[in-house]
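> when you get a sec, could you give me coordinates for this:
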Amino acid sequence: MTKEELEEKKKRRKKRKVKKKKSGGKKDACYHKIKRTAKVWPSAYASGRLVQCRKVGAANYGNKSKKKNESLNEDYKPHVMYDPKTGKSEKTKVEDDHHRLAKKGYTHVNPKDLEKVLRDEGGASGMDPFLKVVGKDMEEEVIKTLEGMPNVGQHKDKDYILHDDKEVIIKKEGMSLNKKIRIKIKKR
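Numbers count the residues shown, from 1 in each chain. This next block holds a predicted model:
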């Protein structure tokens, strides 16, 4: 072999070594973080941790996860809830407040708004005017609020009627969800 051939052979060997080093896999932040903390490298355990790190990102990997309630409260937006019986309002700051008030019968619809709709409609109304005021997606909340209001009853034709002490007297009996409502209409 000539000198040139020997040099050519050395160059090829160097290229092979360089290629082998480069083909060792991704050397990202996770790789360096796991390799630095792993007791045995490479190992199946370290490899599994590397996969987990890449799923959440190197910046987040290793941080303790938050409690279930804290993660729910991150998306929670404080809002006001109303007691249909008294009209009292209370602001919920955390999700636990919301659940506590919901158990007490509080709703997201202001009963004063519903009374105003009934007065504007002449004392009786179907569901459409309520939904125009509070929003079409709030039908269940409107019904729950109307059922809880002591001065509102539902006619057999499904219209809601406001108590006025003159012509219409609403008397709700019992405390169950299936309240019986008597509507007395005084004749003139």
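> helix, strand, or coil at residue 47?
helix (DSSP: H, G, I helix; E, B strand; the rest coil).
> per-residue confidence averaged over the one helix or strand residue 51 maps to?
Using DSSP states H and E, the element containing residue 51 is helix 44-56. The average pLDDT within helix 44-56 is 88.
> buried set for it?
For helix 44-56, burial by neighbour count (16 or more other C-beta atoms under 10 Å) applies to 46, 49-50, 53-54. C-beta here means a position set from N, CA and C on the backbone, and glycine is covered the same way.
> check stretch 142-158 too.
Neighbour counts using 16+ other C-beta under 10 Å place 142-149, 151-154 of stretch 142-158 among the buried residues.
> do the same with stretch 120-131
For stretch 120-131, by 16+ other C-beta under 10 Å, it's 121, 123-125, 130.
> can you show me the CA trace of that stretch as CSV?
Backbone C-alpha positions of stretch 120-131 (Å, rounded to 0.1, in the frame of the first residue of the first chain) are rendered in CSV as follows:
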residue,chain,number,x,y,z
ASP,A,120,-93.0,43.2,31.8
GLU,A,121,-95.1,40.3,30.4
GLY,A,122,-98.1,41.2,32.5
GLY,A,123,-97.7,38.7,35.3
ALA,A,124,-97.4,35.5,33.3
SER,A,125,-94.9,34.3,30.8
GLY,A,126,-93.7,31.2,28.9
MET,A,127,-90.0,30.3,28.8
ASP,A,128,-88.9,32.4,25.7
PRO,A,129,-88.9,35.8,27.4
PHE,A,130,-86.7,34.4,30.2
LEU,A,131,-84.3,32.9,27.8
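> could we number from 43 for the rest of this?
Understood, numbering begins at 43; the last thing we discussed is stretch 162-173.
> gap between that stretch and the chain center?
31 Å (C-alpha atoms, centre = their mean, to the nearest Å).
> do the same with stretch 85-102
30 Å.
> touching that stretch from outside, list them.
Stretch 85-102 has contacts (C-beta atoms under 8 Å, 6 or more residues apart in numbering) with 70-73, 75-77, 80, 82, 103-104.
> mind checking which of those residues are buried?
72-73, 75-76, 103.
> going by distance to residue 48, which of the residues you listed wins?
Distance to residue 48 across these (C-beta to C-beta) is lowest for residue 73, with 37.3 Å.
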